[in-house]
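Asks: All I have is the shape, not the residue letters:
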């Protein structure tokens with residue numbers, strides 16, 4: 001049997017187990033421990049089927065899965081330049097192998113070696129990012145990239161895509177950890193950046209290639225996002241935020257946790273930041289804090305010497321990071337972007353939001369050049385946290401859209 005056949009057989013076993021138990025489920029590891037290994041678990045559920053061990057739903061899945069189906073997944077990946085790495089492969093990220101409930105396999109597109117980089121920092125934050133947070137994200141991720149640190153994020157609109165693009169456009173590398181399959185175009189507004197990120201980094205997912213994005217997927221994604229990194233930087237997190245889930249995973253995994261202090265301690269968008277800092281997270285006061293930390297404590301890491309010189313300017317850098325340059329006339333008059341083709345068409349005669357949603361929707365409809373959540377909150381008199389929630393609902397309904405996570409337009 002040649003090496004390719006051995007590889008295919010091993011991957012088929014893992015694909016089979018993932019199909020039986022589901023991606024991101026700790027049960028596969030509970031049973032693997034019971035039987036002694038993933039290979040022994042595969043033999044037990046595929047052939048032996050001992051009584052009283054497996055759930056009826058698991059046995060039903062095992063009966064329904066065919067070798068042909070699994071080989072077709074491998075064929076699809078091969079035809080779409082998607083790689084597959086199993087838990088026992090040498091290319092499997094070493095940090096991820098040591099977490100609780102590591103994925104038994106990963107699908108990837110791009111440079112798989114980035115998962116073994118000396119220093120990876122995960123950057124997380126809000127989808128509806130404030131101007132302050134956007135500026136901070138750009139400065140921090142540019143400094144990380146310039147120092148040779150790989151930036152990881154979740155490829156969502158707002159903080160995530162800002163982090164990815166800031167890293168690659170500063171000459172660095174980035175890793176996008178997906179909450180859907182690599183073959184599933186989500187989110188639609190970020191797909192125009194997919195090639196740029198793949199050419200300068202890596203996409204990874206534990207979900208089968210055409211798995212759609214579902215809310216339940218993202219907490220599972222977050223444990224991977226924190227697990228591949230030495231630390232996580234939280235840019236903006238409300239009181240109830242997916243970023244807090246990633247932060248919790250980072251702490252549980254023994255990773256460093258950095259948090260950007262809010263520009264306004266009374267702004268509800270940063271309640272999560274304040275809580276994390278109260279609980280002992282490291283305040284991120286300069287774009288050079290993280291590079292200098294790893295330069296000092298991991299001197300063999302590829303951090304530029306100039307970074308250590310800039311450390312003395314950290315306090316001043318933190319001050320300038322929060323300043324917002326005034327918009328030029330050209331920027332203020334920028335044309336309305338084209339509507340993303342993936343969004344559903346909306347029949348305005350049918351779509352009639354009620355209450356505060358109607359107020360926000362009408363403000364967006366009347367804004368010629370788009371409107372930011374902050375502007376909508378100011379004009380409506382509503383709290384910014386409520387405006388963000390309403391805009392999210394309108395976006396899910398297909399009533400509004402944004403290409404940047406900043407200005408919003410009506411469909």
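Replies: Received the coordinates, thanks. Values in this document were obtained by computation on a predicted structure and should not be read as measured data.
Asks: pLDDT weak spots in the stretch 151-300 of the chain?
Replies: For the stretch 151-300 of the chain, the stretches flagged by pLDDT under 70 are 296-300.
Asks: Apply 80 and report the result again.
Replies: 295-300 (pLDDT under 80).
Asks: show me where it has helices.
Replies: Using DSSP state H, counting those that start in this stretch, the helices of the stretch 151-300 of the chain run over 159-168, 194-199, 217-227, 242-252, 271-278, 289-297.
Asks: With residue 50 as the reference, name the closest of these.
Replies: Closest to residue 50 of these, according to C-beta to C-beta: helix 217-227, at 27.9 Å. For every residue, glycine as well, the C-beta is placed using N, CA and C.
Asks: Any buried residues in the closest one, and which?
Replies: 217-218, 220-227 (16 or more other C-beta atoms under 10 Å).
Asks: Likewise for stretch 280-293?
Replies: Residues of stretch 280-293 classed as buried under the neighbour-count rule (16+ other C-beta under 10 Å) are 281-282, 284-293.
Asks: Repeat that for stretch 358-374.
Replies: For stretch 358-374, using 16+ other C-beta under 10 Å, the buried residues are 359-361, 363-364, 367, 370-374.
Asks: What's the end-to-end length of stretch 42-51?
Replies: The first and final residues of stretch 42-51 sit 15 Å from each other (C-alpha to C-alpha, to the nearest Å).
Asks: what's next to that stretch, contact-wise?
Replies: By C-beta atoms under 8 Å, 6 or more residues apart in numbering, the surrounding residues in contact with stretch 42-51 are 13, 16-17, 20, 31, 35, 53-54, 58-59, 62.
Asks: residues contacting residue 81?
Replies: With contact set as C-beta under 8 Å, 6+ apart, residue 81 has these partners: residue 109.
Asks: Tell me the pLDDT of it.
Replies: Confidence at residue 81, expressed as pLDDT, is 95.
Asks: Doesn't it lie inside a helix?
Replies: No: going by DSSP: H, G, I helix; E, B strand; the rest coil, the assignment for residue 81 is coil, not a helix.
Asks: do you know how far it is from residue 260?
Replies: 36 Å (C-beta to C-beta, to the nearest Å).
Asks: do residue 158 as well
Replies: Residue 158 is 14 Å from residue 260, by C-beta to C-beta.
Asks: In terms of neighbours, single out the busier of these two.
Replies: Between residue 158 and residue 260, residue 260 has the larger neighbour count (other C-beta atoms under 10 Å), namely 27 against 23.
Asks: The more buried one against residue 234, yeah?
Replies: Yes: with contact defined as C-beta atoms under 8 Å, residue 260 reaches residue 234; the gap is 6.8 Å.
Asks: and for those two, which residues touch both?
Replies: With C-beta under 8 Å, 6+ apart as the test, residue 260 and residue 234 both reach residue 273.
Asks: Domain map for this protein?
Replies: By the assignment in automatic domain parsing, the chain contains the domains 3-79, 110-321, 329-410.
Asks: of all the ones you listed, which lies closest to residue 94?
Replies: Nearest to residue 94, of those and by C-beta to C-beta, is domain 110-321 at 6.4 Å.
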